[in-house]
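*Asks:* quick one: sequence plus predicted model below, questions after.
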Amino acid sequence: MQRSLALAARAVGFTNPNPAVGCVIVSADGQRVLGEGHTQPVGGPHAEVMALRDAAAQGHSVAGATAYVTLEPCAHYGRTPPCCDALVAAGLGRVVAALADPNPQVAGQGLARLQAAGIAVEVGDGAEQARQLNLGFLQRMETGRPWLRAKVAASIDGYTALPDGQSQWITSPAARADGQRWRARADVVLTGIGTVLADDPQLNVRDWRSPDSALPQRQPHLAIVDSQLRTPLHARLWQVPGRQVWIVAQALADGDDAAWAQAQRNKQQALEAQGARVLRVALTPSTAASAASGLDLHAAIGALSAAMPLNEIHVEAGASLNAGLLQAGLVDEWLLYVAPAMLGLGRGMATLPQPLDSLAQAPRYRWLEPRLVGPDLCLRALRQDMSHNDHHNDYHSDAAQS
């Protein structure tokens, strides 16, 4: 199973919106690897088929063999036939799956069909590692909402920039390179208009590729929370080929000032001529009277999810948008790079508009996988309460593609 997990890890970010899955087929006595493979980009073969093809290419019979696969074999027709049927037709004797697939089109049916064909089935080996590889896909299938990871580079005392905004560079080149890997696995990089105007970033994947050189390089899409459509037409973000730029802006209403509304339409037309797609959503209910107030971030994520199937959203933003996402309960994970430096005073990770009344109100996370990256410390913090059912109906849920 460890080899299957390693194969799946090579495909993370390249199979979206499908999960990244690895499969290893071993002889019935467990002494020989007969074939192995991982899921290909969407529309291509799944891991089980790749492993069967690898075994056939080497002249191995897989009759009676065991397949170790990191996710339950699919049981539905999409762009490819069901993987469970391929395993049955090949005559395997046993299938060990790390996880059952929560996709409603599978949800135990793949395992059931294997058992009905007389194949022994086991589930659970390597489950937590397999879940980490496909956090977004699994959450999208379970709740209808993509996984939202907020990345922050900060000093020991929690500052992301000096008071005047200087932030290049708090963390080391090694930490910045590691951050590219997390960008690469996302469907969308999300930022705010403040970051666009202050830093003029490209927010693309650079100098990182999958360990599998056969997989094509891809760029995650870019989404900008920009209520007033202030994104410049000459910004560097337009220079990145191969991705879609989405801009989430304030919805227009009948009671809007006519001149302002017309200016908004003109700006939208210019941005769309540049290649952007503009999504308009309502302001937060508490601030809807002010045109300069923040957008309803639940509606923003919902609009993006309705526009395309999203497994993971990677946030690289300033303190205001980070705070808004935090307050809305949308941050599933913090990816923190902490430099061994003290700034003493500066800009924080998330600027909440009001202090908490009690410690009990603080969102709680659990630490995962602390590690050194060059001189910096990389920390992952996952929400303790991973239930998102309160907002389940706010999001468009697409079935997984095949």
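*Replies:* Noted; the coordinates are in hand.

*Asks:* so where do the strands sit in the stretch 251-400 of the chain?
*Replies:* Along the stretch 251-400 of the chain, the segments classed as strands by DSSP state E, counting those that start in this stretch run 277-281, 312-315, 333-338, 347-348, 365-373, 376-383.

*Asks:* mean confidence for stretch 161-171?
*Replies:* Mean per-residue pLDDT for stretch 161-171: 87.

*Asks:* and the gap between the closest residue to residue 230 other than its chain neighbours and residue 265?
*Replies:* Distances taken as CB to CB, 6 or more residues apart in numbering place residue 193 nearest to residue 230, at 5.3 Å, with adjacent residues excluded. For every residue, glycine as well, the C-beta is placed using N, CA and C. Residue 193 is 18 Å from residue 265, where distance means CB to CB, to the nearest Å.

*Asks:* neighbour count winner among those two?
*Replies:* Neighbour count, other CB atoms under 10 Å: between residue 193 and residue 265, residue 193 has more, with 23 against 12.

*Asks:* burial count for the residue nearest to residue 297 when sequence neighbours are not counted?
*Replies:* Nearest non-adjacent residue to residue 297, counting by CB to CB, 6+ apart: residue 328, 4.6 Å away. By the criterion of other CB under 10 Å, residue 328 has 17 neighbours.

*Asks:* how about residue 328, phi and psi?
*Replies:* Main-chain torsions, residue 328, degrees, to the nearest 10: phi -80, psi 0.

*Asks:* that one contacts residue 295, doesn't it?
*Replies:* No. Judged on CB atoms under 8 Å, residue 328 makes no contact with residue 295 at a distance of 10.3 Å.

*Asks:* and the residue nearest to residue 297, what pLDDT?
*Replies:* 89.

*Asks:* can you give me the distance of it to residue 299?
*Replies:* Residue 328 is 10 Å from residue 299, where distance means CB to CB.

*Asks:* and residue 223, by the same measure?
*Replies:* 13 Å.

*Asks:* ok, residue 221 next?
*Replies:* Residue 221 sits 18 Å away from residue 299, going by CB to CB.

*Asks:* comparing these two, which residue is more hemmed in?
*Replies:* Applying other CB under 10 Å to residue 221 and residue 299 shows that residue 221 carries more neighbours, namely 21 against 18.

*Asks:* with adjacent residues omitted, what lies nearest to the most centrally placed residue in the chain?
*Replies:* Note on the chain: the residue nearest the mean C-alpha position is residue 312, at 1.5 Å, using CA atoms, centre = their mean. Nearest residue to residue 312, sequence neighbours excluded (CB to CB, 6+ apart): residue 136, at 3.6 Å.

*Asks:* sec struct for the one you found, please.
*Replies:* helix (DSSP: H, G, I helix; E, B strand; the rest coil).

*Asks:* now do stretch 303-318: distance to the chain's middle.
*Replies:* Relative to its parent chain, stretch 303-318 has a centroid offset of 8 Å by CA atoms, centre = their mean, to the nearest Å.

*Asks:* stretch 186-198 too?
*Replies:* 15 Å.

*Asks:* could you list the low-confidence segments of the stretch 101-250 of the chain?
*Replies:* Segments of the stretch 101-250 of the chain classed as low confidence (criterion: pLDDT under 70) are 213.

*Asks:* run through the helices of it in chain order.
*Replies:* Under the criterion DSSP state H, counting those that start in this stretch, the stretch 101-250 of the chain contains helices at 109-116, 127-133, 135-143, 173-185, 193-199.

*Asks:* burial measure for residue 368, as a count.
*Replies:* 12.

*Asks:* need the longest helix for the chain.
*Replies:* In the chain, assigned by DSSP state H, the helix with the most residues is helix 258-273.

*Asks:* which of the residues in that helix are buried?
*Replies:* For helix 258-273, the buried set under the neighbour-count rule, 16 or more other CB atoms under 10 Å, comprises 264, 267, 268, 271.

*Asks:* any chance of those residues in a markdown table, plus pLDDT and distance to residue 10?
*Replies:* Formatted as a markdown table, the buried residues of helix 258-273 follow (pLDDT from 0 to 100; distance: CB to CB, whole Å):
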| residue | pLDDT | distance to residue 10 |
| --- | --- | --- |
| 264 | 94 | 45 |
| 267 | 96 | 42 |
| 268 | 96 | 40 |
| 271 | 97 | 37 |
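
*Asks:* pull the contacting residues for the nearest residue to residue 321 once chain neighbours are set aside.
*Replies:* The shortest distance from residue 321 to any non-neighbouring residue, by CB to CB, 6+ apart, is to residue 192 (3.8 Å). Taking CB atoms under 8 Å, 6 or more residues apart in numbering, we find residue 192 in contact with 224, 225, 226, 317, 318, 320, 321.

*Asks:* also residue 183?
*Replies:* Contacts of residue 183 (CB under 8 Å, 6+ apart): 189, 203, 204, 205, 220, 314, 316.

*Asks:* follow-up on the earlier one: buried deepest among the helices of the stretch 101-250 of the chain, which one?
*Replies:* helix 135-143 (a mean of 22; mean count of other CB atoms under 10 Å).

*Asks:* and the gap between residue 372 and residue 160?
*Replies:* With distances taken as CB to CB, residue 372 is found 20 Å from residue 160.

*Asks:* okay, those two: which has more neighbours?
*Replies:* More crowded of residue 372 and residue 160, by other CB under 10 Å: residue 160, with 21 against 10.

*Asks:* quick one on the thing from earlier: can you tell me which of the contacts of residue 183 is nearest residue 342?
*Replies:* Closest approach to residue 342 among these (CB to CB): residue 316, at 23.1 Å.

*Asks:* and for that closest one, the neighbour number?
*Replies:* Neighbour tally, residue 316, other CB under 10 Å: 24.
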